[in-house]
Each structure stands twice: as structure tokens, then as C-alpha cells.
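# my questions concern the predicted model and sequence given below.
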Amino acid sequence: MRSTAGCAGCRWSLLPVPDPGFAVRHAELAAGYGSAPDPADPAQVLAMPVVLHLPKSDPPPRSALLAAAATAVVGFCLDERVGPGGPWRESFLSWKQARIRKVARRARGAHWTAVEECPGVSATHAGATARALVPGPVGELDARVRRLQIGGTDLPADRPGLADPALPTLWVNGALGMTVGKAAAQVGHASMLLAGALPVAAAAAWADAGYGCAVRDATGDRWTGLLAEAARGGGVAVRDAGFTEVVPGSVTVVAIPLDI
């Protein structure tokens, strides 16, 4: 990623040095991800469950729910409990060293209440809530998670207005027509990649802001410009492996540290 020192009055260079524990967790995220082959037993494939709170009445706006999912994922990946000596570290590292997979599920009512008791990190954005859970084998899910549906409910595109220019914007490729579950996994990938690409002081400042972000759709010239910005190093592009919904190699999200 291109240095953002030329933006916003070189604000990253003026930020305080983060605490050593955060720096260690950020360094792990910045080191990248593995590509270990999938196990012979499909039930042992590792994935992070991302649970979307989708009440039957008055569901949240799609963009807000996706922002909550992105915030929950990056919050999990830099949480103290994934650091050295933390209870989630082994599960996190095993997942990170394999092919990064997330599976979004939906929950409401008592099922959502039960999921909130599962180990993980929740985030709320504009009234929408999502929870990123400790990764593990897909065949060994907690019963409270296993019973949740993966698909079957979607949310229409919304018009949330201008994004806060002081926070990252995750631009979703609107031409792909991804379901809300697929898009939630993709913005989760984007928030992880962005945090790892940021200088550690900038990532710590983002953490202090609660990993707030905006999610917006982009098509046409806007999307073309975002791809060019990512190619110049001014953002992070997510390329999907193509396991579901989109063809392999599709760019699904471009994350920009500051709005452009």
C-alpha cells in the first residue's frame, strides 16, 4: 500500500507509538496468510463463522450490516485473545496459515442471544450487529452456530449517503450482485487486509476508533478508478478464490484507508 503520509497533513506520522502487545498482533496480521492445502476430510476445513443479526421485523440496512461484519472481523483479528498466550491464538494461527475462509450465517431472536455466548467479537454499526467467532473445522461447529442458516435471506441495496472521510471505506463490486452473506465475508477479508497493510500506528489509531468503516457499492467509472487506486498502492483489493457465487479471481472489494 502506498504511504498515506501525504494525506490529511501527514497524520499517520504524528500518531503515538502503540503498545507492544498490539504491535505484535499487528505484525502477525501484516505478515500475510498461508496457503496450506485443504485437508482430505472436508469436515476439517477451517473457517471463521461470521454471524449476522437479521431480525425478522425491521432488518438493518445492508450497508450497515456489512460494515458491522467488517468491523467485527478485524476486531477479532487484533483482539488481545489472539496474541501470544491468548486463548484464541492457536485457532487463529491455524486458520490464518490455511486458506482464509469465512462463512456468514444469520441469526435472530433466541438464536442470536445464544450466539452472543459463543467466543468471539461483536460489532455494531448504525444499529446493525455482527459477530466474528473463533475459527475452527467446519465439521465441528458449536451446535448453537451449526443450526443457523447460511443463505435464504438477503437485503436490498440501500443508499446510505456520503461516507465519513476520516474512516476507511470498503467499496463492494456492485456488478457482481453478491448476496449479503457473500459480501459480508468479502468485506471481512478487506478489513483484515487493510489493517495489516496500514502502518502499525495507523492501525492502532483505527483500533482506537473502534475499527469504524463505511461500506459502499461501486460500479462503472467509480469501480474502475478504485481498481486503479489499488494498483497504485493506495488501497487493498480482495480477489476471491471463487468457491461460491463469483468466478475465481474476481475482485470483490477495494478498501481505501481514506475516502478518495
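Now that the structure is in, tell me what you want to look at.
# use CA for all of it now, contacts and neighbours both
Will do.
# same question for the lengthiest helix in the chain, mean pLDDT?
As assigned by DSSP state H, the longest helix anywhere in the chain is helix 180-197. The average pLDDT within helix 180-197 is 96.
# in contact with the residue nearest to the spatial centre of the chain, which residues?
The structure's the chain has its C-alpha centroid closest to Gly188; by C-alpha atoms, centre = their mean the separation is 1.5 Å. By C-alpha atoms under 8 Å, 6 or more residues apart in numbering, Gly188 lies in contact with Ala69, Ala70, Thr71, Ala72, Val73, Val74.
# among those, which are in helices?
Under the assignment DSSP H, those contribute Ala69, Ala70, Thr71, Ala72, Val73, Val74 to helices.
# and for stretch 112-132, what are the contacting residues?
48-53, 60-61, 64-65, 67-69, 71-73, 75-76, 133-134, 144-145, 212.
# mind running it again at 6 Å?
Residues external to stretch 112-132 that are found in contact with it (C-alpha atoms under 6 Å, 6 or more residues apart in numbering): 50-53, 60, 64-65, 68-69, 72-73, 76, 133-134.
# likewise for stretch 238-247?
Pro248, Gly249, Ser250, Val251, Thr252, Val253.
# just give me how far it sits from the chain centre.
Centroid displacement of stretch 238-247 relative to its chain, using C-alpha atoms, centre = their mean, to the nearest Å, is 15 Å.
# how about stretch 199-208?
Averaging C-alpha positions (C-alpha atoms, centre = their mean) puts stretch 199-208 16 Å from its chain's average.
# buried residues, it. List them.
Pro199, Val200, Ala201, Ala202, Ala203, Ala204, Ala205, Trp206, Ala207 (16 or more other C-alpha atoms under 10 Å).
# measure Pro257 to Asn173 for me?
Here Pro257 is placed at a distance of 17 Å from Asn173 (C-alpha to C-alpha, to the nearest Å).
# swap that for His189, sorry
Separation of His189 from Asn173 (C-alpha to C-alpha): 14 Å.
# same thing with Arg147?
Arg147 sits 30 Å away from Asn173, taking C-alpha to C-alpha as the criterion.
# so these two - more neighbours on which side?
Of the pair Arg147 and Asn173, Asn173 is the one with more neighbours under other C-alpha atoms under 10 Å, namely 22 against 13.
# so who does that one touch?
Counting by C-alpha under 6 Å, 6+ apart, Asn173 has contacts Ala218, Thr252, Val253.
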